[in-house]
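**Q** Using only what follows, build the 3D model:
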Amino acid sequence: MTARKEVPTVAQSTETDWVSRFADEVIAEAERRAPGKPIVCASGLSPSGPIHLGNLREVMTPHLVADEIRRRGYECVHIVSWDDYDRYRKVPAGIDPSWSEHIGKPLTSVPAPPGSTYANWAEHFKAPMIEALKELGIEFHGISQTEKYTSGAYREQILHAMRHREQIDAVLDRYRTKDKAGAKKAPAKQQKPVDEAELEAAEGSGAASEDDGSAGGAGYFPYKPYCSVCERDLTTVTSYDDETTEMAYSCVCGHGETVLLREHDRGKLVWKVDWPMRWAYEGVVFEPSGVDHSSPGSSYVVGGQIVREVFGGEQPIGPMYAFVGISGMAKMSSSKGGVPTPADALEIMEAPLLRWLYARRRPNQSFKIAFDQEIQRTYDEWDALERKITEGTAQPADVAAYSRATRTASGELPSTPRPLPYRTLASVVDITTGHDEQTLRILSELDPDNPVKSLDETRPRLDKAERWITTQVPAEQRTRVREEPDTELLASLGETERESLRLLLDGLDTHWSLDGLTTLVYGVPKLQAGLAADAKPTPELKVAQRTFFALLYQLLVGRDTGPRLPTLLLAVGADRVRKLLAA
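**A** All right, here's what the predicted structure looks like:
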């Protein structure tokens, strides 16, 4: 087993490492704004449905920067705001349509999906994300916006926004479209996404498509009360008095009432005002946002003006982050149902690998996460990087990304003691259908000079590979070794094919290891062509090898392809190989 090489905890050069560059910028900005105080990085997640791998970028980007800041000895807090006081906007795919009666209520007032053990809709979708963040080593301070609003924590900020509603309206009006007569139309769309799925996938903090509280007959109000009878936000503020804070509203359900806003805790600021209010309230220095927030009139752009002009605060450093796709899917959308979440990814890949996928790409670079066969190549690339680091040949940026993937300021993340190739583990559990005794036999024979003595040495990677095989590989692609020889095919073979099988069987005992069998299966066609075992492949030799491999696959598993032949032979076992290949 190769010992993991100690790597630097920070990059050697900020020229090659986006995390270090942002950390430099954030530290300098924090020192300018509030010297000596903890540095605040922030994320926002709306638990309106499954929190998917695109949303994870909203958390991973500030996590990596906050962690780098901590590595340098600064006190840094990473806030994750749970936007669980957002309105329930629509019923996702797969949920009983009767849930439409809850549209307009806060997410924490909507019943959890059928069969859930959680108290409400928001808690149901927050829980798996919290567990995934823990496994990923992401330390954060969670803030429930329901708790903040209903406890009155933002009361002064709400009253302040209402007093300055004309000023807010003027800022928003700069981005509203007008018809030919000059009358205000509905607010311009905040984003210019390629399609609706991208808009859904890009949402990070809050409901990006929420209206901005556009003016009605009684004027503009940046506050939206939830009705005290039906709990929905289908309300209209009809009057407000700055002196007394007396506010009247009516609801489409027919209810109307007058309340004192200084005592009222059942409502929230509209999103375009809520977000900048929180920047000022929390003193946020760094918070990224999706591409939907970066276009003219978007929440981030407008928020930058409102935080300065209304709340007397400053806009965070806020890089725009690009989409995260899934191998085989162009985009993710939580509204469509069935999109992979961080919890789904962690079932089939180790936490350091998933962290690495986010750490090695700049936020504005899109990338894909593989749930199909491509995951094997991803793991190959990861293992190759580990070898380069051990050998001291890795590039500084790659070393930095690896360091951020495998450890945080708090310590190293759990890893597999003996990380065998993922594709090998997947092939073995595919053939053995997860039978531990058989799996251990095969793994112990991969390298007879240094045999695996316990499956625990290969975990959790082994378990991840098994989960991938059982949940992501279609049944028709699973490997089923023949029980009996294909006598018809064997009888039809010519002398050249029979000789190739004899050469293979004659060499089994002396080549019974992963490396040995690799040499053997590639070497048989060379011997038949009169070439040396180390001969360079020619086009003719490659054809002969492919033909030989296809024959072996047909005789062993009844298909033209399958797992890598050396792994397959080890998994089948020498006695059974002889039985199936004896011509």
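
**Q** Only C-alpha atoms from now on, for both contacts and neighbour counts.
**A** Noted.

**Q** which residue packs closest to T235, ignoring adjacent ones?
**A** C251 (4.2 Å; C-alpha to C-alpha, 6 or more residues apart in numbering).

**Q** ok, now which ones touch that neighbour?
**A** Listed by C-alpha atoms under 8 Å, 6 or more residues apart in numbering, the contact set of C251 reads 227, 233-236.

**Q** how far away is it from A345?
**A** 43 Å (C-alpha to C-alpha, to the nearest Å).

**Q** still on that earlier bit, for the residue nearest to T235, give me the backbone phi and psi.
**A** phi -120, psi 150 (degrees, to the nearest 10).

**Q** what separates it from D233, distance-wise?
**A** 8 Å.

**Q** what sits in contact with each of these two?
**A** Common contacts of C251 and D233 (C-alpha under 8 Å, 6+ apart): C227.

**Q** returning to what we had before: so which of the contacts of C251 comes closest to S116?
**A** D233 (25.1 Å; C-alpha to C-alpha).

**Q** can you give me the strands in this structure?
**A** 39-45, 76-82, 141-144, 223-225, 235-240, 246-251, 256-260, 267-269, 289-290, 320-321, 324-326, 367-369, 407-408, 411-412 (DSSP state E).

**Q** What's the mean pLDDT across the third one?
**A** If you average the pLDDT over strand 141-144, you get 98.

**Q** so what does it touch, helix or strand wise?
**A** Counting contacts by 3 or more C-alpha pairs under 8 Å, 6 or more residues apart in numbering; DSSP states H and E, strand 141-144 packs against strand 76-82.

**Q** Give the pairing partners of the strand it packs on; include direction for each.
**A** Here strand 76-82 has these sheet partners by DSSP bridges: strand 39-45 (parallel), strand 141-144 (parallel).

**Q** In CSV: the ones you listed, plus mean neighbour count.
**A** CSV is the format used below for the strands paired with strand 76-82 (neighbours: other C-alpha atoms under 10 Å):
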stretch, mean neighbour count
strand 39-45, 25
strand 141-144, 14
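
**Q** and L551, which of the ones you listed is closest to it?
**A** strand 39-45 (53.2 Å).

**Q** Pull the contacting residues for the residue nearest to Q528 when sequence neighbours are not counted.
**A** Once flanking residues are discounted, Q528 sits nearest to S500: 7.4 Å by C-alpha to C-alpha, 6+ apart. S500 is in contact with 524-525, 528, 548, counting by C-alpha under 8 Å, 6+ apart.

**Q** roughly how far apart are S500 and F548?
**A** Separation of S500 from F548 (C-alpha to C-alpha): 8 Å.

**Q** Mutual contacts of the two, please.
**A** P525.

**Q** D274: neighbouring residues, count only.
**A** 23 (other C-alpha atoms under 10 Å).

**Q** how about the nearest residue to it, chain neighbours excluded?
**A** Nearest in space to D274, with sequence neighbours left out and distances taken as C-alpha to C-alpha, 6+ apart, is K268 at 7.6 Å.

**Q** returning to what we had before: include distance to G516 when you put the strands of the chain into TSV, please.
**A** Listed next are those as TSV, based on distance: least, C-alpha to C-alpha, whole Å:
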stretch	distance to G516
strand 39-45	51
strand 76-82	51
strand 141-144	53
strand 223-225	71
strand 235-240	74
strand 246-251	77
strand 256-260	82
strand 267-269	68
strand 289-290	50
strand 320-321	47
strand 324-326	36
strand 367-369	34
strand 407-408	36
strand 411-412	35
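
**Q** Among those strands, which comes closest to G152?
**A** strand 267-269 (10.3 Å).

**Q** Can you list the strands that that closest one pairs with?
**A** Sheet pairing for strand 267-269, using DSSP bridges, gives strand 223-225 (antiparallel).

**Q** Please state the offset of the strand it pairs with from the chain centre?
**A** How far strand 223-225 lies from its chain's middle: 33 Å, per C-alpha atoms, centre = their mean, to the nearest Å.

**Q** Need the residues that contact that strand.
**A** If you take C-alpha under 8 Å, 6+ apart as the criterion, strand 223-225 is touched by 158, 162, 213, 233, 235-237, 249, 266-270.

**Q** Give me the lowest-pLDDT entry from those.
**A** G213 (72).

**Q** Now do the contacts for the closest residue to that one other than its chain neighbours.
**A** The shortest distance from G213 to any non-neighbouring residue, by C-alpha to C-alpha, 6+ apart, is to P222 (5.3 Å). Contact partners of P222, counting by C-alpha under 8 Å, 6+ apart, are 161-162, 165, 168, 212-213, 269-270, 273.

**Q** and the residue nearest to T235, what pLDDT?
**A** We have a pLDDT of 97 for C251.

**Q** which residues of the stretch 251-400 of the chain score low on pLDDT?
**A** For the stretch 251-400 of the chain, the stretches flagged by pLDDT under 70 are 294, 328-338.

**Q** in it, which spans are helices?
**A** Using DSSP state H, counting those that start in this stretch, the helices found in the stretch 251-400 of the chain span residues 271-282, 299-309, 342-348, 351-359, 374-391, 396-406.

**Q** between those, which gets nearest to D534?
**A** helix 374-391 (23.9 Å).

**Q** Any buried residues in that closest one, and which?
**A** 375-376, 378-379, 382-383, 385-387, 389-390 (16 or more other C-alpha atoms under 10 Å).

**Q** One more: stretch 152-167?
**A** For stretch 152-167, by 16+ other C-alpha under 10 Å, it's 152, 154-155, 157-159, 161-166.

**Q** From these, pick the one nearest L581.
**A** For the buried residues of stretch 152-167, the nearest to L581 is Y154 (75.7 Å; C-alpha to C-alpha).

**Q** give me the number of residues near the nearest residue to that closest one once chain neighbours are set aside?
**A** The spatially closest residue to Y154, leaving aside those adjacent along the chain, is K148, at 6.7 Å (C-alpha to C-alpha, 6+ apart). Neighbour count of K148, defined by other C-alpha under 10 Å: 15.

**Q** With distance to D534 as added columns, please give the helices of the stretch 251-400 of the chain in JSON lines.
**A** Listed next are the helices of the stretch 251-400 of the chain as JSON lines, based on distance: least, C-alpha to C-alpha, whole Å:
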{"stretch": "helix 271-282", "distance to D534": "65"}
{"stretch": "helix 299-309", "distance to D534": "62"}
{"stretch": "helix 342-348", "distance to D534": "37"}
{"stretch": "helix 351-359", "distance to D534": "35"}
{"stretch": "helix 374-391", "distance to D534": "24"}
{"stretch": "helix 396-406", "distance to D534": "34"}
